[in-house]
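> Just the structure for this:
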Amino acid sequence: CAHQLLEMCGFQISALCLPDSVSRASDNHTDFYPVTYILTGIPGTEVSHFWMAIPFCLMYVVTLFGNFLLLFIILTEQSLHEPMYVFVSMLATADLLLSTTTVPKILAVFWFRAGEISFAACLTQMFFIHVSFLAESAILLAMAFDRYVAICDPLRYTIILTKSVIGKMGLAIVTRSFCFIFPIIFLVKRLKFCRTNLLPHTYCEHMVIARLACDDITVSIWYVITSDLTLIALSYGLIIKAVLRLSSKKAHQKALNTCTVHICVMLTYYTPGLFSNLTSRLGQGFAPYIHIILADLYLLIPPLLNPIIYGVRTKELRDKVEIINMIILLFSQHVNLGIIWGYI
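Numbers count the residues shown, from 1 in each chain. This is a model prediction of the structure:
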């Protein structure tokens with residue numbers, strides 16, 4: 001009765017706790033389709049979960065503030081309504097989607113031990129995580145193309161990258177991201193699960209769920225790896241091709257300076273993901289919490305650093321941020337004077 005009650009609630013007793021004969025019978029005849037999953041956080045660090053959530057929360061707040069500020073500046077400043085800054089605003093939107101999809105649940109797991117999540121909600125979170133990642137990859141690719149045209153064919157820049165073309169590129173980025181991810185969700189949904197519904201992670205990561213399945217997940221793994229590597233190769237290929245086609249040393253220097261911001265953003269995006277994938281594929285040599293922490297940083301670092309990089313390295317954005325800072329400073333001084341005058 002207790003076993004049936006647990007199954008009705010979406011739980012599954014691990015076959016490791018049962019005799020071999022029962023375990024084999026379960027593997028051969030019982031398919032487990034969990035109603036809910038339980039996110040356990042970072043295994044081995046449960047005592048520190050409360051304190052670990054504090055930097056996560058601070059990073060999330062800075063991410064929200066930085067990206068919303070970036071969007072506000074670009075949308076309200078007419079001089080920034082150019083293709084490059086349109087792509088920057090798209091990147092900020094994707095960063096906000098990625099952070100908001102994952103970080104609140106991570107904080108709930110750490111602070112309130114609220115790790116229960118339905119299978120449908122888990123698939124939804126996984127879907128938007130991958131949509132955000134693919135959208136960011138496509139946006140970085142579009143930004144590389146923008147720099148390619150600006151450097152190699154500057155006279156035709158405004159002719160090639162018109163508002164209509166930018167709109168179509170944005171629509172293609174969104175459509176491609178959604179259409180590309182649906183097969184992944186289908187691959188996960190068709191899997192037959194025969195293990196526990198405990199997820200040793202802070203969010204619904206694709207590979208963690210896939211590894212709970214009884215089926216072969218090779219197709220699912222290579223689908224993700226191939227898509228990521230293809231996008232990385234295309235994006236870097238465009239930048240390198242653009243720089244190598246320039247003849248003079250001065251032109252090379254100008255091209256490198258122009259692409260520095262883009263390259264920095266790509267490094268912040270791909271480096272944590274590379275280490276996360278390496279620890280996932282070579283997981284036997286790493287403690288489990290290493291992969292989970294790297295996967296969390298993969299979600300947190302790019303959205304956190306992107307607005308900082310663009311704000312510091314891009315003169316137009318830096319000037320607008322300085323003006324806003326001056327307004328905030330003057331306003332705070334005015335409020336402080338009013339408070340002091342009220343006390344007097």
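
> quick one, helices of the stretch 51-200 of the chain?
83-112, 119-152, 157-160, 163-189 (DSSP state H, counting those that start in this stretch).

> Please identify which of those helices is closest to Leu244.
The closest of the helices of the stretch 51-200 of the chain to Leu244 is helix 119-152. By Cβ to Cβ, the value is 10.3 Å. Every residue, glycine included, has its C-beta placed from N, CA and C.

> Just the buried residues of the closest one, please?
Within helix 119-152, the residues scored as buried using 16 or more other Cβ atoms under 10 Å are 119, 122-123, 125-152.

> What is it packed up against?
Counting by 3 or more Cβ pairs under 8 Å, 6 or more residues apart in numbering; DSSP states H and E, the packing neighbours recorded for helix 119-152 are strand 36-39, helix 83-112, helix 157-160, helix 163-189, helix 206-210, helix 218-244, helix 249-281.

> what's the angle between that helix and helix 163-189?
Here helix 119-152 runs at an angle of 150 degrees relative to helix 163-189 (axes from the mean of the first three to the mean of the last three Cα atoms, to 10 degrees).

> residues near Thr76, how many?
The number of residues packed near Thr76 is 9, by other Cβ atoms under 10 Å.

> on that earlier part again, which stretch in the helices and strands packed on helix 119-152 has the least confidence?
Of all the helices and strands packed on helix 119-152, the minimum mean pLDDT falls on helix 218-244 (a mean of 60).

> ok, back up a step: want to throw the helices of the stretch 51-200 of the chain into TSV with distance to Leu199?
Converted to TSV, the helices of the stretch 51-200 of the chain look like this (distance: least, Cβ to Cβ, whole Å):
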stretch	distance to Leu199
helix 83-112	10
helix 119-152	8
helix 157-160	46
helix 163-189	13
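
> Can you say which of the ones you listed is nearest to Ile74?
Here helix 83-112 is closest among the helices of the stretch 51-200 of the chain (Cβ to Cβ), at 4.7 Å.

> Pull out the buried positions in the closest one.
Neighbour counts using 16+ other Cβ under 10 Å place 83-103, 105-110 of helix 83-112 among the buried residues.

> Tell me which other helices or strands that helix touches.
With contacts taken as 3+ Cβ pairs under 8 Å, 6+ apart, helix 83-112 sits against helix 49-76, helix 119-152, helix 163-189, helix 288-313.

> In a markdown table, list those along with distance to His201.
Shown next, in a markdown table, are these (distance: least, Cβ to Cβ, whole Å):
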| stretch | distance to His201 |
| --- | --- |
| helix 49-76 | 13 |
| helix 119-152 | 10 |
| helix 163-189 | 14 |
| helix 288-313 | 6 |
